[in-house]
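Asker: The sequence isn't on hand, but the structure is:
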């Protein structure tokens, strides 16, 4: 079914049904997340919104396409039990020698008005103007978890129509709203790339029509959630992305989307043709919002094709899921099966390399189970799979998200 839909939508073969992404297994009420209070003190001011902004739960798989810059290596060899050992590579206690956790700082929703972009400017190339007639814009930005001291990149893709035709060598204005509040500042104007002209950054290969902007040291982002607004100068079409700066060891959870949160594995592609959004499983929004309210920062990692980033954000918001960062593959077709495992494993490794190992993970397929195993996400009880039995790696099966509500209510705070 998914291949047929992809043929209709994209006009070529290569889409596939994927395996949903990580699922988080829940522990009993003692939830490891809270036990770190007395021991290592999980890092992190809880920037989590509970059901506010629209970030994405993008379901995986959208095709047999290439994986997004992952190397298939296992994410976070050391693993981390949320609450007992702290995230792998996190460096133990947060801050200086005190054993306590950071305050649960909940940022305001990133939903305010966009900046005034001013008048349109001329296209650099006539072909770009023609490209805009192919259909609606499919622009998207790459959300990122960042830790202090690492390079801070703004990455976007600018394309139009069902065939996702990108524009090259065209100006894009970059605006920043620090902390999602206060005035907008214009960081820079940059140009979209031609194919393979820029080195891979944050696992994103240059497929053309992208921007890569490194925030200069004097403009470095502080801790917190920040909104970036990107404007194509030639027609003033836009997209947003979110950069969340956290300390290593900050509590996070990850979730797949398709079949894990949506009511079936392939419903997104049916709803895409119908121009509507899929429904979510009963109480999925309530359960994950409770987890976010305990101080765990959400991230939705899906093997969907990249052009579904914005629809994934819209799904998250519309179905009452907590605001979180969204990652799809960076390909036009998405990934499934072994390719989905490689992509998700690579995503977890990039998180682990900056001291962020998910305490909870949610999924619904074998590919999710294998990726979570590769990432050494512990404990097993907090790898949670919706109506899927992880017989190979030992994750936890649930029939409904309603089962988790009482448990999540009783969890201690992962921050203070």
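Answerer: Ah, there it is. Source: prediction; values computed, not measured.
Asker: What about the residue nearest to residue 255 when sequence neighbours are not counted? Give its phi and psi, please.
Answerer: Leaving out its chain neighbours, the residue that sits closest to residue 255 by C-beta to C-beta, 6 or more residues apart in numbering is residue 362, at 4.0 Å. C-beta: built from backbone N, CA, C; applies to glycine. Here is the backbone geometry of residue 362 (degrees, to the nearest 10): phi -120, psi 140.
Asker: Provide the partner residues of residue 362 in its beta bridges.
Answerer: residue 255, residue 384 (DSSP bridges).
Asker: so what pLDDT did it get?
Answerer: According to the prediction, residue 362 has pLDDT 98.
Asker: For stretch 227-240, buried residues please.
Answerer: For stretch 227-240, a neighbour-count test (16 or more other C-beta atoms under 10 Å) marks 227-235, 237-240 as buried.
Asker: for stretch 377-391, same thing?
Answerer: 377-379, 381-386, 388, 390.
Asker: Which parts of the stretch 151-300 of the chain are helices?
Answerer: 267-274, 284-293 (DSSP state H, counting those that start in this stretch).
Asker: Show me the one of those helices that comes nearest residue 136.
Answerer: With C-beta to C-beta as the criterion, residue 136 lies closest to helix 267-274 of the helices of the stretch 151-300 of the chain, at 12.3 Å.
Asker: any idea how far the closest one is from the chain center?
Answerer: With C-alpha atoms, centre = their mean, to the nearest Å as the basis, helix 267-274 stands 21 Å off its chain's centre.
Asker: again, but for stretch 144-152
Answerer: Put simply, stretch 144-152 sits 15 Å off its chain's centre (C-alpha atoms, centre = their mean).
Asker: again, but for stretch 183-194
Answerer: That offset, for stretch 183-194, works out to 22 Å (C-alpha atoms, centre = their mean).
Asker: quick one: the helices in the stretch 301-416 of the chain?
Answerer: So, for the stretch 301-416 of the chain - with DSSP H, counting those that start in this stretch - the helices run 309-318, 337-353, 366-374, 402-410.
Asker: From the contact counts, what lies against the last one?
Answerer: Using 3 or more C-beta pairs under 8 Å, 6 or more residues apart in numbering; DSSP states H and E, the elements in contact with helix 402-410 are helix 284-293.
Asker: who does the residue nearest the centre of the chain bridge with?
Answerer: In the chain, the centroid-proximal residue (C-alpha atoms, centre = their mean) is residue 326; its distance is 2.2 Å. Under DSSP bridges, the beta-bridge partners of residue 326 are residue 300.
Asker: what about it, distance to residue 401?
Answerer: 20 Å (C-beta to C-beta, to the nearest Å).
Asker: ditto for residue 178
Answerer: Residue 178 is 35 Å from residue 401, by C-beta to C-beta.
Asker: more crowded one of those two?
Answerer: When residue 178 and residue 401 are compared on other C-beta atoms under 10 Å, the one with more neighbours turns out to be residue 401, at 22 against 17.
Asker: measure the more buried one to residue 182 for me?
Answerer: 36 Å.
Asker: can you check residue 211 too?
Answerer: 24 Å.
Asker: Could you check how many residues crowd around residue 321?
Answerer: There are 28 residues near residue 321, going by other C-beta under 10 Å.
Asker: residue contacts, it?
Answerer: By C-beta atoms under 8 Å, 6 or more residues apart in numbering, the contact list for residue 321 reads 51, 57, 261, 280, 284-285, 288-289, 298, 315.
Asker: Where do the domain boundaries of the chain fall?
Answerer: 17-102+248-410, 126-245 (automatic domain parsing).
Asker: worst average pLDDT in the ones you listed?
Answerer: With a mean of 76, domain 17-102+248-410 has the lowest mean pLDDT of those.
Asker: so what's the nearest residue to residue 241 once chain neighbours are set aside up against?
Answerer: Once flanking residues are discounted, residue 241 sits nearest to residue 141: 2.6 Å by C-beta to C-beta, 6+ apart. Residue 141 makes contact with 154-157, 228, 230, 239-242, 309, according to C-beta under 8 Å, 6+ apart.
Asker: now with 6 Å?
Answerer: The contact partners of residue 141, taken as C-beta atoms under 6 Å, 6 or more residues apart in numbering, are 156, 239, 241.
Asker: Bridging across strands, which residues link to it?
Answerer: Counting by DSSP bridges, the residues bridging with residue 141 are residue 156.
Asker: Make 56 the first number, not 1, from now on.
Answerer: In the new numbering, first residue 56, that becomes residue 196.
Asker: where's it relative to residue 223, distance?
Answerer: 18 Å.
Asker: Report how many residues lie close to residue 175.
Answerer: 12.
Asker: Against residue 290, how distant is it?
Answerer: 6 Å.
Asker: Residue 412 too?
Answerer: Residue 412 sits 42 Å away from residue 290, taking C-beta to C-beta as the criterion.
Asker: Equivalent analysis for residue 164, please.
Answerer: Distance from residue 164 to residue 290, by C-beta to C-beta: 28 Å.
Asker: Same check on residue 458?
Answerer: 48 Å.
Asker: give me the beta-bridge partners of the spatially closest residue to residue 234 that is not a sequence neighbour?
Answerer: Sequence neighbours aside, residue 279 is the residue nearest to residue 234 in space, at 4.9 Å (criterion: C-beta to C-beta, 6+ apart). Beta-bridge pairing of residue 279 under DSSP bridges involves residue 300.
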